[in-house]
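Student: Sequence plus predicted model, see below.
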Amino acid sequence: MRGSLGRWFRSQRSQGMTEFALIAPVILLLTFGIIDFGRGLYFYITLQQAANEGARVAVRASYFTDASGAPHNWPTNADVQKAVQAHAVTEVLANPCPNGPIPNNGVPQGSPQLPPSNTGWIFITDPSVNGNGAPNAPRGQLPYNPPPAGCNDAVAANGNEPLKVTLWFNFQPLTPIIQQVVGNKIVITAYAIYRAEYSN
């Protein structure tokens, strides 16, 4: 009797281990998928708030200090980038073509130019999708001489002309299977359009 009970418990244990081995990958995939979804949602909300803050800074006269410590009242690209980065604390954001154009006519899907994984780009442009018009800079931004290669020259806004701050962030999931499926090219975009509140 004791021997048959021992065999029964051993068979139950081995059956449970087999079932766990079959179901564990699915459970882990679901768990990490939920974590990646949560991370993506967090990045989207953070970037949208950062874009709003950047656009708000771009269109208002305020008190700023530049990198050398000199004060000024009209915002520049650097002031906008600083405000965006302050709100997007966990994201690394750069400014390849600060005043446009936005690559691939403003459409990240299929764009040959994308930020590196887990980093992003900031664009301060006119409200068009491709950011290839004017004005495309805060009032304090001086024109580049010459502009960066392939980039638009800065044309400062005046009066109550609209400006748009666009963020592209190349989100890389943690889950290796999801990385392979999407090819590390999930681009989270956020933008905000505000009218300038400059007094002439």
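Tutor: Yep, that arrived. Residues are numbered from 1 along each chain as shown.
Student: Spell out which helix or strand contains residue 51, please.
Tutor: Take DSSP states H and E as the rule and residue 51 turns out to sit in helix 2-59.
Student: What is the least confident helix or strand in the protein?
Tutor: Within the chain, no helix or strand scores below helix 176-182, which has a mean of 75 by mean pLDDT, DSSP states H and E.
Student: For it, list every residue counted as buried.
Tutor: 178, 179 (16 or more other CB atoms under 10 Å). Bear in mind the C-beta positions are built from the backbone N, C-alpha and C, glycine included.
Student: Can you tell me the SS state at the spatially most central residue of the chain?
Tutor: In the chain, the residue lying closest to the centroid (CA atoms, centre = their mean) is residue 169, at 2.9 Å. Following DSSP: H, G, I helix; E, B strand; the rest coil, we place residue 169 in the strand state.
Student: Now do the phi/psi pair for the closest residue to it other than its chain neighbours.
Tutor: Excluding the flanking residues, the one nearest residue 169 by CB to CB, 6 or more residues apart in numbering is residue 120, at 3.6 Å. Torsion angles at residue 120 (phi, psi; degrees, to the nearest 10) stand at phi -140, psi 170.
Student: For residue 120, give the beta-bridge partners.
Tutor: Residue 120 has these beta-bridge partners by DSSP bridges: residue 93, residue 169.
Student: wait, isn't it in contact with residue 94?
Tutor: Yes - if you go by CB atoms under 8 Å, residue 120 and residue 94 touch, sitting 7.4 Å apart.
Student: With neighbour numbers in mind, choose between the two.
Tutor: residue 120 (26 against 13; other CB atoms under 10 Å).
Student: OK, contacts around the more buried one?
Tutor: Taking CB atoms under 8 Å, 6 or more residues apart in numbering as the criterion, residue 120 is in contact with 47, 88, 91, 92, 93, 94, 167, 168, 169, 170.
Student: Of these - the most surrounded one?
Tutor: Neighbour count (other CB under 10 Å) singles out residue 169 as the most crowded of the contacts of residue 120, with 28 neighbours.
Student: Excluding sequence neighbours, find me the nearest residue to residue 89.
Tutor: Nearest to residue 89 is residue 46, by CB to CB, 6+ apart, at 7.8 Å.
Student: State the distance from residue 132 to residue 162.
Tutor: From residue 132 across to residue 162, the span is 15 Å (CB to CB, to the nearest Å).
Student: now residue 49
Tutor: Plainly put, residue 49 is 20 Å away from residue 162 if you go by CB to CB.
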